[in-house]
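Asks: Here is a sequence together with a model predicted from it:
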Amino acid sequence: MKFRGLLFLAVGLMALGSLAAAQTGQEFVDKEGKFKITLAGDWKPVSYSDAVGRGEIPLNRAYRPTHDERMIRELVLQFKRGSVRPAYFRDKYGVDIRDRFHDAIASLAHDGYVAETNEEMLSLTRSGLLRVDTLLPRFFQPEHVGIRYT
């Protein structure tokens with residue numbers, strides 16, 4: 001499989017650079033930027049290359065998503081390609097996405113964005129693929145809807 005295809009399968013990657021974010025194994029990490037908030041609440045300038053030079057790992061934060069969050073993330077990434085295979089999620093996560101996301105899929109179908117839905121494939125129409133990013137929050141956990149990820 002080509003590298004680009006692997007990106008949609010939630011393959012672990014460590015990004016390089018001063019403002020990069022990445023997934024390694026089951027954790028998501030965000031590198032330090034130009035400023036860091038100290039325990040006192042002050043803004044402190046941070047140099048990525050200085051931290052590396054001191055032998056420190058310049059990570060600002062890391063998050064270990066739950067099993068369900070990892071499954072949803074992978075579903076969302078695959079939907080960005082236009083289709084998902086329910087068997088993949090059943091085999092990897094033990095979840096029938098057609099049951100788990102029945103309401104979200106039904107709403108997509110009602111709005112005319114589903115081209116095919118069966119045991120083998122769930123695919124979006126061309127119109128659905130063109131607006132996929134606006135459709136995906138239907139699959140998010142309620143606490144993740146409307147959050148800005150920057």
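Replies: Great, that's in hand. Here the structure is a predicted model, which is why all the values come from computation and not from measurement.
Asks: Settle this for me: residue 72 is touching residue 139, isn't it.
Replies: Yes. Using C-beta atoms under 8 Å, residue 72 is in contact with residue 139, at 6.0 Å. C-beta coordinates here come from the backbone N, C-alpha and C atoms, glycine included.
Asks: mind listing the strands for the protein?
Replies: Using DSSP state E, the strands of the chain run over 21-24, 27-31, 35-37, 43-45, 59-63, 83-84, 114-117, 122-124.
Asks: Can you give the strand pairings for the shortest one, parallel or anti for each?
Replies: Under the criterion DSSP bridges, strand 83-84 sits next to strand 122-124 (antiparallel) in its sheet.
Asks: can you list contacts of the partner strand?
Replies: 79, 82-86, 97-98, 105, 108, 113-117, 132, 135 (C-beta atoms under 8 Å, 6 or more residues apart in numbering).
Asks: Buried among the residues you listed? Make that a PyMOL selection.
Replies: Buried subset of these, written as a PyMOL selection, criterion 16 or more other C-beta atoms under 10 Å:
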select buried, resi 79+84+86+97+105+108+113+114+115+132+135
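Asks: Point out the other elements, helices or strands, that the longest helix belonging to the chain touches.
Replies: Across the chain, the helix with the greatest residue count (assigned by DSSP state H) is helix 67-79. Identification of packing neighbours for helix 67-79 by 3 or more C-beta pairs under 8 Å, 6 or more residues apart in numbering; DSSP states H and E yields helix 86-93.
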